[in-house]
Every structure is written in structure tokens, then in C-alpha cells.
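*Asks:* Provide a 3D model corresponding to the input given below.
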Amino acid sequence: QVQLVESGGGLVQPGGSLRLSCAASGFTMANYNIGWFRRAPGKEREGISCIRSNDGRTYYADSVKGRFTISTDNAKNTVYLQMNSLKPEDTAVYYCATQFGTCRGPPEYWGQGTQVTVSS
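*Replies:* Predicted coordinates:
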């Protein structure tokens, strides 16, 4: 059974950092493109980062570029999202998902999400 489980969310002050984890079971994460998405209250879902399976190339939305870093630990079958210099507008539920074909491909399997709140 394919399963993705996010963790690491929480409440952080502006300027702070968090590291989100996306742990996979039922499949080998290294064989899939893995994306991070977020949905803020009242806003549409936003794709913010992706790591490509075949070569490890990474992609970032302009809104997070230079602040967020996606990485993988194949031994742990886990993808991480290091988030630095957090802003109130980063407040959202964050999800990881497999992406079919390329990092522009449609999400297939989703995790349940983890809440990130940036507030003083």
C-alpha cells in the first residue's frame, strides 16, 4: 500500500526555520518525482518544490526560492523540505505527493498534510 506521511510542522516565529519530512512506505521514493505543495486559507493549492527522480534536479516556486531546500535520504525513503526565513505568508497546510512523469506532472499519491503556522 502506497503511503506518504508528512511531519515536522508547527508554530514558528517569522524568520524562523522548520524542516518537514515526507516518509514513504509501499514504494521506493527514489524512483518517483516528489513534490511539496501547500494550501493556505482561502487560496488555491500551490506547488512549491519538486525533486526529480532520475537525476535529483530540484525545482522551486519563486515564492520560496532561496529560502526552502528539498532533499532526499534514500536510505530512509524520506524527502525533506528545509524551510528558512519563514514569513507569515508561508502559513499553510503542507503536503507531499508523487508526481507522474515529470515535476510538472499531475500529483498522484498524497500525504495527509502538516500544518505550518508562522506568527509572532
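*Asks:* C-alpha from now on. contacts and neighbour counts both.
*Replies:* Will do.
*Asks:* How about the secondary structure of the residue most central in space within the chain?
*Replies:* Nearest to the geometric centre of the chain sits W36, at 2.7 Å (C-alpha atoms, centre = their mean). The three-state label given to W36 by DSSP: H, G, I helix; E, B strand; the rest coil is strand.
*Asks:* Give the bridge partners for it, please.
*Replies:* Here W36 sits in beta bridges with S49, C96, as judged by DSSP bridges.
*Asks:* can you check R19 too?
*Replies:* Q82.
*Asks:* Now do the same for the closest residue to S119 other than its chain neighbours: its pLDDT.
*Replies:* Once flanking residues are discounted, S119 sits nearest to Q13: 5.0 Å by C-alpha to C-alpha, 6 or more residues apart in numbering. Model confidence at Q13, given as pLDDT, is 98.
*Asks:* you'd agree Q13 is up against D90?
*Replies:* No: if you go by C-alpha atoms under 8 Å, Q13 and D90 don't touch, sitting 11.1 Å apart.
*Asks:* Tell me which of these two has more neighbours.
*Replies:* D90 (20 against 14; other C-alpha atoms under 10 Å).
*Asks:* Show me what the helix-or-strand element of the chain with minimal mean pLDDT is packed up against.
*Replies:* Lowest on mean pLDDT, DSSP states H and E among the helices and strands of the chain sits strand 107-110, with a mean of 94. On a contact count with 3 or more C-alpha pairs under 8 Å, 6 or more residues apart in numbering; DSSP states H and E, strand 107-110 meets strand 3-7, strand 92-99.
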